[in-house]
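Chemist: Model the following, please.
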Amino acid sequence: MVLEAALGSKHLNQTEKALIGLRSMIMAGRFKTGQRLPEIAVSEQLGISRTPLRQAMDRLVAEGLLDRISTGGCRVARFTKEDIADAIQIRGVIEGTAARMAAERGADPDLLAHAKSILSQIDTALSESGGIDFDAYVSANRAFHDIIAHLSGSALMIRELDRMAQLPLASPSAFLSDQELIPDFQESLKHAQRQHRTILEAIENREGSRAEALAREHARLALMNFNYLTEQKPARARNVPGLALLTEK
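Modeler: A predicted model of the protein is given here:
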């Protein structure tokens, strides 16, 4: 229903509609890894022409979700557990570098204030009387990680972190929809929030090395959850968006 709502938005152009729809189909495992993408069928299902679909395919090749075929067209990429683990750790390295740059260069005061307001939103989401306001948490968590990139003051860093976040299971929110599979999930969110605050504190205090180390450690939460799902809950984990792309080799 979320995908249908997004695709039905009047604010999306045809290429954006193709990109959102195709990425969602791939992440949901609608195509087998290594399968050639059926362009005609996909364009009909998404209600778009093949021109915006091919533009979306170009973007997904750049993201790594699709591979070019020498004879023409694209196929769904294959990912091993090692590939995903590497992607998560690389995101941590890049995000850590962004945090260090923000601290050493001196972050924009308005952006820092906005980051603090985002953390307040997360606090509110975590303290709901009826339990965690999960949708609010996911939205604010995504906003916090996005603003870390902007705090760096580097357009290149913003672009690279955006690209990394599109890789299967490498984004900061990759496992937040699978809370029933992960032990002590609510406590892990609270721990993540404590890390958010220490990262921002280090940036504000212009402690570059500390900010970098904290951001890299924060990314390890996603790696721990990924390892738990694939090693302890492999059967149920196949329903997690993106894990359908995993292959043994």
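Chemist: If we go by neighbour counts, what in stretch 214-224 is buried?
Modeler: 214, 215, 216, 218, 219, 221, 222, 223 (16 or more other CB atoms under 10 Å). Where C-beta positions appear, they are placed from N, C-alpha and C, glycine not excepted.
Chemist: same deal with stretch 147-165?
Modeler: Buried residues in stretch 147-165, defined by neighbour count with 16+ other CB under 10 Å: 147-154, 157-158, 160-161, 163-165.
Chemist: for stretch 190-207, same thing?
Modeler: 192, 193, 195, 196, 198, 199, 200, 202, 203, 204, 207.
Chemist: and if you look at stretch 29-46?
Modeler: So stretch 29-46, judged by 16+ other CB under 10 Å, has buried residues 29, 31, 37, 42, 43, 46.
Chemist: and that stretch, C-alpha only, in PDB?
Modeler: What follows is stretch 29-46, C-alpha atoms only, in PDB (Å, rounded to 0.1, in the frame of the first residue of the first chain):
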ATOM      1  CA  GLY A  29      12.600 -10.000  -4.400                       C
ATOM      2  CA  ARG A  30      10.100  -9.800  -7.300                       C
ATOM      3  CA  PHE A  31      12.900 -10.900  -9.600                       C
ATOM      4  CA  LYS A  32      15.500 -13.600  -9.000                       C
ATOM      5  CA  THR A  33      19.200 -12.600  -8.600                       C
ATOM      6  CA  GLY A  34      20.800 -12.700 -11.900                       C
ATOM      7  CA  GLN A  35      17.500 -12.500 -13.800                       C
ATOM      8  CA  ARG A  36      17.300 -10.300 -16.800                       C
ATOM      9  CA  LEU A  37      14.900  -7.400 -16.100                       C
ATOM     10  CA  PRO A  38      11.700  -7.800 -18.200                       C
ATOM     11  CA  GLU A  39      11.400  -4.200 -19.300                       C
ATOM     12  CA  ILE A  40       8.000  -4.400 -21.100                       C
ATOM     13  CA  ALA A  41       6.300  -6.200 -18.200                       C
ATOM     14  CA  VAL A  42       7.800  -3.800 -15.600                       C
ATOM     15  CA  SER A  43       6.800  -0.700 -17.600                       C
ATOM     16  CA  GLU A  44       3.300  -2.000 -17.900                       C
ATOM     17  CA  GLN A  45       3.000  -2.800 -14.200                       C
ATOM     18  CA  LEU A  46       4.300   0.600 -13.200                       C
END
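Chemist: Kindly indicate which of the buried residues of stretch 147-165 lies nearest residue 54.
Modeler: Nearest to residue 54 among the buried residues of stretch 147-165, counting by CB to CB, is residue 163 at 19.6 Å.
Chemist: Could you look up the SS state of that closest one?
Modeler: Of the three states, residue 163 takes helix under DSSP: H, G, I helix; E, B strand; the rest coil.
Chemist: Count the neighbours of the closest residue to it other than its chain neighbours for me.
Modeler: Counting by CB to CB, 6 or more residues apart in numbering, residue 63 is the residue found nearest to residue 163 once chain neighbours are left out, at 6.7 Å. Number of residues near residue 63 (other CB atoms under 10 Å) recorded here: 19.
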